[in-house]
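[1] Requesting a structural model of the entry that follows:
(one chain, ligands or ions: 4)
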Amino acid sequence: MSHDTQHQELIRISEIFGPTIQGEGALIGRPTVFVRTGGCDYRCSWCDTLYAVDSMHRADWTQMTPEQILQEVQHLSGGIPLTVSLSGGNPAIQPMQSLIELGNAAGYQFCLETQGSIAKDWFSKLNVLTLSPKPPSSGMETDWNTLKECVEAARSGPGQSPLIILKIVVFDEADYQYAQMAGRLFMDLPVYLQPGNHTPPPASETGKAAAEIDMQGILERMRWLVDRTVRDGWHSATVLPQLHTLLWGNLRGV
Ligand SMILES: C[S@@+](CC[C@H](N)C(=O)[O-])C[C@H]1O[C@@H](n2cnc3c(N)ncnc32)[C@H](O)[C@@H]1O
Ligand SMILES: Nc1nc2[nH]cc(C(=O)O)c2c(=O)[nH]1
Ligand code: SF4
Ligand SMILES: [Mg+2]
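    Ligands and ions are numbered 1, 2, ... in the order given. Down below sits the predicted model:
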């Protein structure tokens with residue numbers, strides 16, 4: 001290791017890929033490069049990205065400096081600045097501040113996806129902060145105070161203060177009720193509802209076999225979710241599918 005990298009905070013990376021389109025939430029359809037960190041403090045029953053969560057995949061993750069990550073992003077984007085999507089795993093457990101600052105200086109903007117279990121003051125340097133608290137079907141418990149701290153950190157820390165949205169995965173009626181409660185607790189945040197993929201790729205598989213998916217089932221859930229939301233008159237909510245899943249199934253790196 002060189003003298004330079006010795007004193008830097010390293011970021012644990014699972015994969016960097018793109019440009020592709022952002023398939024979810026507020027920036028759906030927009031071009032982006034993904035930087036996916038390795039490691040998560042949650043274990044959602046239906047997680048579609050276990051290869052960036054489960055420590056059995058640790059050997060596939062690499063420690064990178066912010067400079068190395070930005071270099072790869074610039075290489076992939078042909079040097080043309082765009083929005084970088086930080087996801088994971090939980091990117092909030094990695095030291096992302098220097099990468100965001102370096103990227104901003106080079107003209108790149110950043111959005112970040114997190115479950116909202118850890119608040120960081122550098123959230124305020126993002127362009128978009130997507131908070132994705134986990135509904136009952138995930139098997140996880142939400143700490144609403146920590147989620148609130150995430151919102152406050154994003155609003156009060158140094159920097160421009162991002163657009164903050166709630167993006168909630170819905171599998172069933174209990175999840176829908178949870179989403180409604182979250183919407184009431186965070187009245188000033190736009191709510192995005194996303195139908196769950198009940199056939200996520202298993203942790204052990206990669207490639208073509210893992211890309212198999214019950215598309216009809218997902219579309220059926222999406223229709224139910226639209227119907228449920230409209231029937232309630234919940235017109236401030238936006239219902240969106242995982243566009244990348246509709247286009248490419250469970251394929252990785254898209
Ligand atoms: C893989 S997570 C990584 C970022 C962070 N850990 C989080 O959960 O927000 C990115 C997004 O994918 C969603 N997601 C994960 N598995 C899913 C599934 N089976 N169906 C639909 N969305 C899923 C998560 O809820 C989250 O909004
Ligand atoms: N195209 C595309 N859009 C995405 N939006 C959120 C993703 C994620 O895994 O965090 C994702 C992903 O993996 N691919
Ligand atoms: S919080 Fe996100 S990355 Fe972690 S297990 Fe849940 S869906 Fe997967
Ligand atoms: Mg994903």
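
[2] Now do the host helix or strand of residue 73, average pLDDT.
    Using DSSP states H and E, residue 73 maps to helix 66-76. Taken as a whole, helix 66-76 carries a mean pLDDT of 98.

[3] after it comes which helix or strand?
    strand 83-87.

[4] Give me the buried positions along that following strand.
    83-87 (16 or more other CB atoms under 10 Å). Heads up, the C-betas are built off the backbone N, CA and C, glycines and all.

[5] Flag every residue of the protein that's near ligand 1.
    Taking CB under 6 Å from any ligand atom as the measure of proximity, the chain contacts ligand 1 at 40, 46-49, 87-88, 90, 113-115, 132, 167, 169, 194, 196-197, 200, 242.

[6] who touches the top strand by length along the chain?
    Criterion DSSP state E: the longest strand present in the chain is strand 11-21. Outside of strand 11-21, the residues within contact range by CB atoms under 8 Å, 6 or more residues apart in numbering are 28-39, 51-52, 57, 60-66, 69, 72-73, 76-77, 82, 88-89, 94-96, 99, 243-244, 252-254.

[7] Please enumerate the strands of the stretch 51-200 of the chain.
    62-64, 83-87, 109-114, 128-131, 163-170, 191-195 (DSSP state E, counting those that start in this stretch).

[8] can you give me the offset of the helix or strand just after the last one from its chain's centre?
    Read it as strand 191-195. Later in the chain than strand 191-195, the nearest helix or strand by DSSP H and E is helix 215-231. Offset of helix 215-231 from its chain centre (CA atoms, centre = their mean, to the nearest Å): 22 Å.

[9] between helix 215-231 and strand 163-170, how many degrees?
    Counting by axes from the mean of the first three to the mean of the last three CA atoms, to 10 degrees, helix 215-231 lies at 120 degrees to strand 163-170.

[10] tell me the mean pLDDT over the next helix or strand after helix 215-231?
    Per DSSP H and E, the first helix or strand lying C-terminal to helix 215-231 is strand 238-239. The average pLDDT for strand 238-239 rounds to 98.

[11] Is ligand 3 within reach of the helix or strand that strand 238-239 is followed by?
    Downstream of strand 238-239, the first helix or strand assigned by DSSP H and E is helix 243-248. No: against ligand 3, helix 243-248 shows no contacts by CB under 6 Å from any ligand atom, the least distance being 13.6 Å.

[12] Please spell out which residues along helix 243-248 are buried.
    244-245, 248.

[13] residues in contact with residue 238?
    Residue 238 sits next to 190-193 when contact means CB under 8 Å, 6+ apart.

[14] Most widely separated two among those?
    Spanning the widest gap among the contacts of residue 238 are 190 and 193, at 10.9 Å by CB to CB.

[15] Which of the two has more residues huddled nearby?
    The neighbour comparison of residue 190 against residue 193 (other CB atoms under 10 Å) goes to residue 193, with 24 against 16.

[16] what's the neighbour count on the closest residue to that one other than its chain neighbours?
    Spatial nearest neighbour of residue 193, excluding adjacent residues (CB to CB, 6 or more residues apart in numbering): residue 239 at 4.8 Å. Look at residue 239: counted by other CB under 10 Å, it has 19 neighbours.

[17] Tell me if I'm right that residue 239 and residue 221 touch.
    No: in this structure, residue 239 is not within contact of residue 221 by CB atoms under 8 Å, at 10.8 Å.

[18] Need the overlap of contacts for the two.
    Common neighbours of residue 239 and residue 221 (CB under 8 Å, 6+ apart) are residue 195.

[19] thinking again about what came up before, if any of the contacts of strand 11-21 are buried, put those into a ChimeraX selection.
    In ChimeraX, this line selects whichever of the contacts of strand 11-21 come out buried by 16+ other CB under 10 Å:
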select :28,32,33,34,35,36,37,38,39,51,52,57,61,64,65,66,69,72,73,76,77,82,88,89,94,96,99,244,252,254
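
[20] coming back round to it: tell me the one of the buried residues of helix 243-248 nearest residue 125?
    Closest approach to residue 125 among the buried residues of helix 243-248 (CB to CB): residue 244, at 25.8 Å.
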